[in-house]
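In: Structure for the following, please:
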Amino acid sequence: MPRSLHGHSRTAALCLAAALLGGCVYYPAVPYPAPAGALPSTFDRAYDAALGALSDQGLRITVQDRASGSIVGTRGAATVSASVRPQADGTTRVEFKTSGDTDAGLSQRVLASYNARMGR
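Out: Purely as a prediction, here's the structure:
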């Protein structure tokens, strides 16, 4: 008798477990937009990418003014200036200018670093 009682207990326990699991429902989280200010603005992303691009190419940052969108970096006699400006349509305009005694590929390398930092 004890064996058959043990078999019934096991069956009852399995049925109870199945019933409990059947009653559990999982509802996935509902996605919602990030709160305002949680993501960097296009200006901030572009400014940080321009600053990083000049640093990537070994330029020493001599001017860094986020409020005016200006960045200037030098290496030897070479100077690279970056200008970051918000546009009326919500986009951001970024310009790089080189001056002084620069090697031929410096401006292209700065632009490539900028594009890489922007995920392009």
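In: Tell me what Val80 is bridged to.
Out: Using DSSP bridges, the beta-bridge partners of Val80 come out as Gly73, Thr98.
In: my read: it touches Phe96, true?
Out: Yes. Using Cβ atoms under 8 Å, Val80 is in contact with Phe96, at 6.1 Å. To be clear about C-beta, it is placed using only N, CA and C from the backbone, and glycine gets the same treatment.
In: Can you check which residues contact both of the two?
Out: For the pair Val80 and Phe96, residues contacting each of them under the criterion Cβ atoms under 8 Å, 6 or more residues apart in numbering are Ser107, Val110.
In: Mind checking which of the two has more residues around it?
Out: Between Val80 and Phe96, counting by other Cβ atoms under 10 Å, Val80 is the more crowded of the two (24 against 19).
In: got a list of what the more buried one touches?
Out: The contact partners of Val80, taken as Cβ under 8 Å, 6+ apart, are 54, 57, 59, 72-74, 96-98, 102, 106-107, 110.
In: Buried only: go through the residues you listed for me.
Out: Among those, those scoring as buried are Leu54, Gln57, Leu59, Val72, Gly73, Thr74, Phe96, Thr102, Leu106, Ser107, Val110 (criterion: 16 or more other Cβ atoms under 10 Å).
In: who's in contact with the helix or strand where the last one lies?
Out: When secondary structure is defined by DSSP states H and E, Val110 falls within helix 106-117. For helix 106-117, the external contacting residues (Cβ under 8 Å, 6+ apart) are 48-50, 52-54, 56-57, 59, 78, 80, 94, 96, 98.
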